[in-house]
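1. here are the coordinates; sequence isn't available:
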């Protein structure tokens, strides 16, 4: 199932410039290898700006997580430690492919078409949201990751 991740602008810029090849989350994220994930760049941008394909998910201790991802983290050790403050475990979503959209979808556009509220962290994409992205996301990607639940 496809997902949508909210990511701060400074980090989405690093992702698109390929300086950051992993997304960190404090909680355990339900994401699979080869899963398609849209990037919602949060305030002040407030747009769906691109996507990534998951290479792997790592859930482990904070110390080991840094050891495994420091070369692709795109952030300093200080930022990493601050983000994971008071956490025993952390999650890293390693990217297989990253694509920035030429045409973006703004929060206003989404709200005009569906009752869309950006997630705090991430969410699954339902059929209504998948339909909105036709023409923006390659058809092959949409068909492969379309939500088939009721």
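-> Cool, got the structure. Predicted, not measured: the structure shown is a model, and the values here were computed from it.
2. Could you report the pLDDT at the closest residue to residue 107 other than its chain neighbours?
-> Excluding its sequence neighbours, the residue lying closest to residue 107 (Cβ to Cβ, 6 or more residues apart in numbering) is residue 46, at 4.1 Å. In this view, the C-beta of every residue, glycine as well, is placed from N, C-alpha and C. Per-residue pLDDT puts residue 46 at 95.
3. for residue 136, same thing?
-> 53.
4. Residue 110 now?
-> Reported pLDDT for residue 110: 78.
5. before we move on, what about the one 3 residues further on?
-> You'll see residue 113 listed with a pLDDT of 73.
6. Distance check, it against residue 5.
-> As judged by Cβ to Cβ, to the nearest Å, residue 113 and residue 5 stand 20 Å apart.
7. The two: which is more packed in?
-> More crowded of residue 113 and residue 5, by other Cβ atoms under 10 Å: residue 5, with 23 against 12.
8. Next, count neighbours for the residue nearest to that one when sequence neighbours are not counted.
-> Spatial nearest neighbour of residue 5, excluding adjacent residues (Cβ to Cβ, 6+ apart): residue 122 at 4.5 Å. The number of residues packed near residue 122 is 20, by other Cβ under 10 Å.
9. Now that residue 122 has come up, it's in contact with residue 4, right?
-> Yes: contact status for residue 122 versus residue 4: in contact at 6.4 Å, counting by Cβ atoms under 8 Å.
10. joint contacts of those two?
-> residue 37 (Cβ atoms under 8 Å, 6 or more residues apart in numbering).
11. Enumerate every residue touching residue 93.
-> 22, 23, 24, 25, 29, 31, 37, 52, 54, 57.
12. buried ones in the helix or strand harbouring it?
-> Under the criterion DSSP states H and E, the helix or strand holding residue 93 is strand 89-106. Using 16 or more other Cβ atoms under 10 Å as the test for burial, strand 89-106 gives 90, 91, 92, 93, 94, 95, 98, 101, 104, 105.
13. now stretch 36-56
-> Buried residues in stretch 36-56, counted by 16+ other Cβ under 10 Å: 36-42, 45-54.
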